[in-house]
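Trainee: Coordinates for the following, if possible.
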Amino acid sequence: MGTIRRGTAFLLVLAVLTGFCLPAAADTAATAPGLTAGVYDGYLYRNSFLDIGFRVRDWHCYDSAELAAYNQLTAVLLPEDIGELVRQKQSLVLMCADSPDGLASVNIAATYVPGFGAAAEELGMQTVAEMSLDSVRNVQKSLGRPDVSVSVVSDRISGETFWGYQVSFTYMGMQFYQRQILLAADDYSVALTATALSAGETMEMIGRFYRISGEREFAPFSPELRPGDIVSYGRYDQDGDRDNGKEEIEWTVLDVQEDRALLLSVHTLDAVTYNGNDRYDENLTWETCALRGWLNSTFLTEAFSPDEEAAVICADVPNSPSQGNPEWDTDGGNDTQDRAFALSVAESEQFFADDAARLCSPTDRALARNAFANSLGNGSWWLRSPGGYQYCAAMIGPGGNLVSMSTDNGGVGVRPAIWVPLGS
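Mentor: Alright, predicted model coming up:
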């Protein structure tokens, strides 16, 4: 039996494998052909057989031996009829990943049901989800969750609507949430389930799901780009309405070099603190701040397809004293290598002629997440340089001026900067 890392058995008990209990469209006695484990290649967790995947970073993605052990435990813990399907290898978890703290997980399970795809197309996945609601609730209760709440919901991902379930329950004194979407893949019913301590986090995790064949491919930018040009690249929720999908991100071209261009988002796309709730970190630098981690993980994953993200250049980002405000005796720290970053004080002066040129409005999403905007609609945005004290960070204020701000301020917006390659 393969090894199971610490915390896996705990997460297994939390998993809702409703892919195992969808209404059968036909007899499932035949052996399921073709079910294969997912493959992790650095930050993409793919299953080519089902043409689906999930984007994770710094999570533990299960290899084939761990998945085999996971499924053996599943057969024991789930009700006998579902466990038997697992033992017959007609229902299997094909992909599973869990967070470093062991309190969040995602898994993709498939059940062999000949004719399911055609039946689901005829009925519609909303109807399938509604028909399965009682079964899902019963499986949850069989796992020892008498207080479980289950409702049918829909999610809009990359312009496509998916139906599934929102689940909440108490386990070991903690409130857990799950978000699940259901899919049909030929003769397979497929369920993708995300588990976390907040409903919002499960929705964000589900948003990292993608269809391999349907992802946007990267097309190199024109070598004719010039500073001041506006281009579109990637997609991010900007109107605050998840149901209508993500909107294209507009970028202004700041600099053009021989083989690459520097882009800065036209609007502040989100509101994120510079360093979480840690307000007085005397050793804080761009290298160690939470904003850098968010930009190079969550933002990249949410904004770009795998091909688009892979094309973003991992650039050298200088943080020497010359990049900061010479009137502030603070340390910018080590130089870094980043795919996404905030501008420095020096760059905000180099690429903008005056305060008026630095004015920037937040998106509706950023406003909904507490970004500040003045009566003219202008907001503030983080720079990567330190502020007047080491535990502060520089930002551009609503008037376009340079300001030193406490790093736990959640009303400051984020204008990501990225380098992208130019075509020949």
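
Trainee: Where do the strands of the stretch 251-400 of the chain begin and end?
Mentor: 260-265, 270-271, 315-317, 336-338, 340-341, 381-386, 392-396 (DSSP state E, counting those that start in this stretch).

Trainee: Strand partners (parallel or antiparallel) of the third one?
Mentor: Based on DSSP bridges, the pairing partners of strand 315-317 within the sheet are strand 336-338 (antiparallel).

Trainee: what residues does the partner strand touch?
Mentor: For strand 336-338, the external contacting residues (Cβ atoms under 8 Å, 6 or more residues apart in numbering) are 286, 287, 292, 295, 296, 314, 315, 316, 317, 319. Where C-beta positions appear, they are placed from N, C-alpha and C, glycine not excepted.

Trainee: likewise stretch 155-162?
Mentor: Applying Cβ under 8 Å, 6+ apart, the contact partners of stretch 155-162 are 125, 154, 164, 179, 181-183, 203, 206-207, 209-211, 214, 235, 242-246.

Trainee: Same question for stretch 386-393.
Mentor: Residues contacting stretch 386-393 (Cβ under 8 Å, 6+ apart): 274-275, 279-286, 289, 324-325, 328, 330-333, 382-385, 394-395, 403-407.

Trainee: Can you classify the closest residue to residue 298 other than its chain neighbours as helix, strand or coil?
Mentor: Using Cβ to Cβ, 6 or more residues apart in numbering and skipping residues adjacent in sequence, the residue nearest residue 298 is residue 204, 7.6 Å away. Here residue 204 is recorded as helix under DSSP: H, G, I helix; E, B strand; the rest coil.

Trainee: ranges for the helices of the stretch 101-250 of the chain?
Mentor: Under the criterion DSSP state H, counting those that start in this stretch, helices of the stretch 101-250 of the chain are mapped to 116-123, 125-142, 199-206.

Trainee: Kindly reformat those as JSON lines containing mean neighbour count, distance to residue 227 and mean pLDDT.
Mentor: Formatted as JSON lines, the helices of the stretch 101-250 of the chain follow (neighbours: other Cβ atoms under 10 Å; distance: least, Cβ to Cβ, whole Å; pLDDT from 0 to 100):
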{"stretch": "helix 116-123", "mean neighbour count": "16", "distance to residue 227": "50", "mean pLDDT": "86"}
{"stretch": "helix 125-142", "mean neighbour count": "17", "distance to residue 227": "47", "mean pLDDT": "85"}
{"stretch": "helix 199-206", "mean neighbour count": "18", "distance to residue 227": "34", "mean pLDDT": "84"}
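
Trainee: closest to residue 175 out of those?
Mentor: Evaluated over the helices of the stretch 101-250 of the chain, closeness to residue 175 peaks at helix 199-206, with 9.6 Å, by Cβ to Cβ.

Trainee: pLDDT value on the residue of the chain most remote from its centre, please?
Mentor: Distance to the chain centre peaks in the chain at residue 327, reaching 38.4 Å (criterion: Cα atoms, centre = their mean). At residue 327, the model reports a pLDDT of 93.

Trainee: Who are the contact partners of it?
Mentor: Per Cβ under 8 Å, 6+ apart, neighbours of residue 327: none.

Trainee: what separates it from residue 387, distance-wise?
Mentor: Distance, residue 327 to residue 387, by Cβ to Cβ, to the nearest Å: 11 Å.

Trainee: before we move on, what about residue 219?
Mentor: The value you get for residue 219 to residue 387, if Cβ to Cβ is used, is 39 Å.

Trainee: Strands of the stretch 51-200 of the chain, start to end?
Mentor: 52-55, 60-61, 91-98, 105-112, 149-157, 160-171, 174-185, 188-196.

Trainee: Flag every buried residue along the first one.
Mentor: Looking back up the chat, that one is strand 52-55. Residues of strand 52-55 classed as buried by neighbour count (16 or more other Cβ atoms under 10 Å): 52, 53, 54, 55.

Trainee: Any stretches of this protein with poor pLDDT?
Mentor: 1-32, 78-79, 81-82, 158-159, 214-217, 242-243 (pLDDT under 70).

Trainee: Let me see the domain layout of it.
Mentor: 8-214, 230-421 (automatic domain parsing).

Trainee: In TSV, list the ones you listed along with distance to residue 224.
Mentor: Below are the domains of the chain laid out as TSV (distance: least, Cβ to Cβ, whole Å):
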stretch	distance to residue 224
domain 8-214	29
domain 230-421	9
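
Trainee: Leaving out the residues flanking it, which one is nearest to residue 177?
Mentor: Per Cβ to Cβ, 6+ apart, closest to residue 177 is residue 199, 4.4 Å.
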